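1. Coordinates only, no sequence provided:
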Ligand SMILES: Nc1ncnc2c1ncn2[C@@H]1O[C@H](COP(=O)(O)OP(=O)(O)OP(=O)(O)O)[C@@H](O)[C@H]1O
Ligand SMILES: [Mg+2]
């Protein structure tokens, strides 16, 4: 594609009120770093990505796969070597045409883990700050600050200093600060990783609600699978600066395209064997699944499935069925997880609701439907 980038006029670069979500188009983006020993790292590697206006895109992937670098590149904080970024069709980055629109003129806000509040400013002053650099008069600023503080549930704390707030309240203020300008894009880099589990769950729900209400486009980095599944309208799994898989949360969780993605998205039963079409020949016998198209006959594969898709006493229609022995049970609250040893010594985990299920040592019938089993290349890089 030809790059016909022009530096936008300053007035075009101002965030537009009333239409608060922005489309993002990334094409061929590459960012390499040179380490002090002279080796280079491709943090983002020829990455092409479209994010629709209003999407909530969650970036997942192992440490060092390029999540932060991608966010920083979107924000204009990285000196990228190649590629193009357009926001609503407006080029903000084009290395070939030497275009780089500065951060403050991209119409985006950020909430980063390390984005601390200023201790010497009150809550209201902290939240007002992003508005002071824009042409918004004082009464309107005060009005917006009040509205957004109420929206995130800390309206009563407007006059306090950050030092007098709990960690969760400080995160709420940081969230308010990232939303106050009403920008079309909000970038989040692990914003909830420093707060405890309960507060994290509350804030996650708040972010979800505010996204539905306000409608900004979100690009959100997290290491927490539950957070990713709760928030995302689309998940993007990165590996070594490239897209390993992109899809709806259910798609990526239930139909991972390789073993690396599958393992990264949570617990699974893996039965190793050799591929014969949709069948895996394993120590436990044949397992019927759905093979990825690129898998060749006779190659080493894993039959991958989620523990909650297995059941005891499977109905007759379930093709994959074994007699096994319960080796152990862990009660996890809403579910119990039972380890069952199949013929050939293959161990799988089976989940049941609450504290129900067979006794340890019992002989049981277990099974998993073929459409819950993915046949994946055994070489998928571990995460
Ligand atoms: N300033 C830098 N100089 C050299 N290498 C860097 C620099 N910043 C990042 N890298 C390297 O680029 C790669 C991607 O880093 P990045 O911070 O984007 O990863 P990440 O996916 O955000 O990881 P994490 O989940 O640990 O935050 C890593 O290999 C990292 O070591
Ligand atoms: Mg990071």
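-> Perfect, I can see it now. This one's a predicted model, so the numbers in the text were calculated from it and none came from an experiment. Ligands and ions are numbered 1, 2, ... in the order given.
2. what bits of this structure have low per-residue confidence?
-> By pLDDT under 70, the low-scoring segments of the chain are 1-19, 114-115, 379-383.
3. Go ahead and flag the most central residue of it.
-> The chain has residue 58 as the residue nearest its centroid, 3.1 Å off, counting by C-alpha atoms, centre = their mean.
4. hey, what's that residue bridged with?
-> Beta-bridge partners for residue 58, by DSSP bridges, are residue 220, residue 235.
5. Correct me if wrong: residue 84 contacts residue 90.
-> No - applying C-beta atoms under 8 Å, one finds residue 84 not in contact with residue 90, separated by 11.3 Å. The C-beta positions use only the backbone N, C-alpha and C, and glycine is treated the same way.
6. ok, now how distant is residue 293 from residue 247?
-> The gap separating residue 293 from residue 247 is 16 Å, by C-beta to C-beta, to the nearest Å.
7. which of those two has more neighbours?
-> The neighbour comparison of residue 293 against residue 247 (other C-beta atoms under 10 Å) goes to residue 247, with 18 against 4.
8. Residue 234 is in contact with the more buried one, correct?
-> Yes - counting by C-beta under 8 Å, residue 234 is a contact partner of residue 247 at 6.9 Å.
9. Could you measure from residue 264 over to residue 316?
-> From residue 264 across to residue 316, the span is 35 Å (C-beta to C-beta).
10. So which of the two has more stuff around it?
-> residue 264 (24 against 7).
11. what's near enough to touch that one?
-> Residue 264 makes contacts with 60, 61, 62, 225, 237, 383, as judged by C-beta atoms under 8 Å, 6 or more residues apart in numbering.
12. Report the two of those residues separated the most.
-> Farthest-apart pair in those is 62 and 225; separation 12.5 Å (C-beta to C-beta).
13. from the middle of its chain, how far away would the longest helix anywhere in the chain be?
-> In terms of residue count, the longest helix belonging to the chain (DSSP state H) is helix 197-214. When C-alpha coordinates are averaged (C-alpha atoms, centre = their mean, to the nearest Å), helix 197-214 and its chain have centres 15 Å apart.
14. Give the buried residues for it.
-> Buried residues in helix 197-214, counted by 16 or more other C-beta atoms under 10 Å: 199, 200, 202, 203, 204, 206, 207, 210, 211, 214.
15. tell me what that helix is packed against?
-> Here helix 197-214 touches helix 167-179, helix 225-231, going by 3 or more C-beta pairs under 8 Å, 6 or more residues apart in numbering; DSSP states H and E.
16. residues touching the residue of the stretch 201-350 of the chain found nearest ligand 1, list them.
-> As assessed by C-beta to the nearest ligand atom, ligand 1 sits closest to residue 223 within the stretch 201-350 of the chain, at 6.2 Å. For residue 223, the contact set (C-beta under 8 Å, 6+ apart) comprises 60, 63, 190, 193.
17. so what's the third one up against?
-> It stands for residue 190. The contact partners of residue 190, by C-beta under 8 Å, 6+ apart, come to 112, 113, 221, 222, 223.
18. For PyMOL, write a command that selects the buried ones of the residues you listed.
-> To isolate the buried members of the contacts of residue 190 in PyMOL, using 16+ other C-beta under 10 Å:
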select buried, resi 112+113+221+222
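19. Nearest to residue 145, out of the contacts of residue 190: which one, please.
-> Of the contacts of residue 190, the one sitting nearest to residue 145 (C-beta to C-beta) turns out to be residue 112, at 20.6 Å.
20. how about that closest one, what does it touch?
-> Contact analysis of residue 112 by C-beta under 8 Å, 6+ apart lists 187, 188, 189, 190, 191.
21. For the last one, which non-adjacent residue is spatially closest?
-> Of all residues beyond its chain neighbours, the one nearest residue 191 is residue 111 (4.6 Å), with distances taken as C-beta to C-beta, 6 or more residues apart in numbering.
22. Confirm the one you found sits in a strand?
-> Yes - according to DSSP: H, G, I helix; E, B strand; the rest coil, residue 111 belongs to a strand.
23. let's number from 15 now, not from 1
-> Yes, from this point I'll number from 15; that puts the last item at residue 125.
24. and it, what are its bridge partners?
-> Beta-bridge partners recorded for residue 125 (DSSP bridges): residue 202.
25. That one reaches residue 200, doesn't it?
-> Yes - between residue 125 and residue 200 there is a contact at 6.8 Å, judged by C-beta under 8 Å.
26. So between these two, which is more surrounded?
-> Just comparing residue 125 and residue 200: by other C-beta under 10 Å the higher neighbour count belongs to residue 200, 28 against 22.
27. how much distance is there from the one helix or strand the more buried one maps to to the middle of the chain?
-> Taking DSSP states H and E as the definition, residue 200 sits inside strand 199-203. Centroid separation for strand 199-203 versus its chain: 12 Å, with C-alpha atoms, centre = their mean.
28. So which of residue 98 and residue 104 has more stuff around it?
-> Remark: of residue 98 and residue 104, residue 98 carries more neighbours, 22 against 18, as counted by other C-beta under 10 Å.
29. list the contacts for the more buried one?
-> Neighbouring residues of residue 98 by C-beta under 8 Å, 6+ apart: 17, 19, 39, 40, 41, 42, 43, 105, 107, 108, 109, 110.
30. Quick check: bridge partners of it?
-> On the basis of DSSP bridges, residue 98 is bridged to residue 41, residue 108.
31. tell me which residues in stretch 195-207 are buried?
-> For stretch 195-207, the neighbour count (16+ other C-beta under 10 Å) marks 195, 196, 197, 198, 199, 200, 201, 202, 203, 204, 205, 206 as buried.
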